[in-house]
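Participant: Next come a sequence and a model predicted from it.
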Amino acid sequence: MSSSPFQALVFDLGGVVVEHDNVVLFERLASRCRPSCSAEDVVSLFRQSRWGTGTPIRLFHQQLAEAGGYEASWDVFVEDWSCHLAVNPSMLAVMERLAKRNRVMIFSNTNQEHWDFVREASGGVLAGFEPYLSHEIGHEKPSLRSFQVVAEKAGIDPGSSIFFDDLPTNVEGARRAGFQAEVFLGEPWLLSFLEDRGVALG
């Protein structure tokens, strides 16, 4: 691995390398509930717990069945639960190229079922990018502690590393923890930014 201006390049998943549409997700879930249960009701139920810190998603399936009349099995629920996700093949290829000459990491607010889905959808490629996942470390972005835990587990200096996320609040959280951080504005922007900073693509 050649010399890089950054000790590590840390990427969010959703909105960066994984496309997602939460409206599609909640409308799909609501479509299997009783008629009086709207997508907005599903969102409200979902927001009652912090699913990204390790609370089993099976519990949400149970809650949705009890409160909303969701009748589908767990296996069908898992399919519904990931219906809004798609790996961006072009960004995945960029990360693969970067990983040839840089340390590439992932830090994502997620859950086991979503991670299993996108990992498989990427042909296992995402798992090779040193993933740090909120449901495994027990902390979610944008908390200060979440970024501290990632830095500690990875053994990296935040000030020598850079984090990319599509949400400004998460970028601000990374900066509070000492990371260099930028709001992700799309693949063309990223390639231009990396070139300007002297980051080599493989």
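Facilitator: Structure's in. What do you need?
Participant: Run through this structure and note the low-pLDDT ranges.
Facilitator: For the chain, the stretches flagged by pLDDT under 70 are 1-2.
Participant: Mind splitting this structure into its structural domains?
Facilitator: Domains of the chain are assigned by automatic domain parsing as 9-19+87-196, 22-81.
Participant: chain center to the last one, what's the gap?
Facilitator: Taking the mean C-alpha point of domain 22-81 and that of its whole chain, the gap between them comes to 19 Å (CA atoms, centre = their mean, to the nearest Å).
Participant: Just the helices from the protein, written as ranges.
Facilitator: 22-31, 39-46, 57-68, 74-81, 89-99, 112-121, 134-137, 144-154, 168-176, 187-196 (DSSP state H).
Participant: As JSON lines, these with distance to Phe11 and mean neighbour count would be great.
Facilitator: C-beta: built from backbone N, CA, C; applies to glycine. Output for those, formatted as JSON lines (distance: least, CB to CB, whole Å; neighbours: other CB atoms under 10 Å):
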{"stretch": "helix 22-31", "distance to Phe11": "20", "mean neighbour count": "17"}
{"stretch": "helix 39-46", "distance to Phe11": "25", "mean neighbour count": "17"}
{"stretch": "helix 57-68", "distance to Phe11": "23", "mean neighbour count": "17"}
{"stretch": "helix 74-81", "distance to Phe11": "23", "mean neighbour count": "16"}
{"stretch": "helix 89-99", "distance to Phe11": "7", "mean neighbour count": "17"}
{"stretch": "helix 112-121", "distance to Phe11": "13", "mean neighbour count": "18"}
{"stretch": "helix 134-137", "distance to Phe11": "14", "mean neighbour count": "20"}
{"stretch": "helix 144-154", "distance to Phe11": "12", "mean neighbour count": "18"}
{"stretch": "helix 168-176", "distance to Phe11": "11", "mean neighbour count": "18"}
{"stretch": "helix 187-196", "distance to Phe11": "9", "mean neighbour count": "14"}
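Participant: Which one of those helices lies nearest to Ala8?
Facilitator: Comparing the helices of the chain against Ala8 with CB to CB, the closest turns out to be helix 144-154 (6.6 Å).
Participant: I am finished for the moment; much appreciated.
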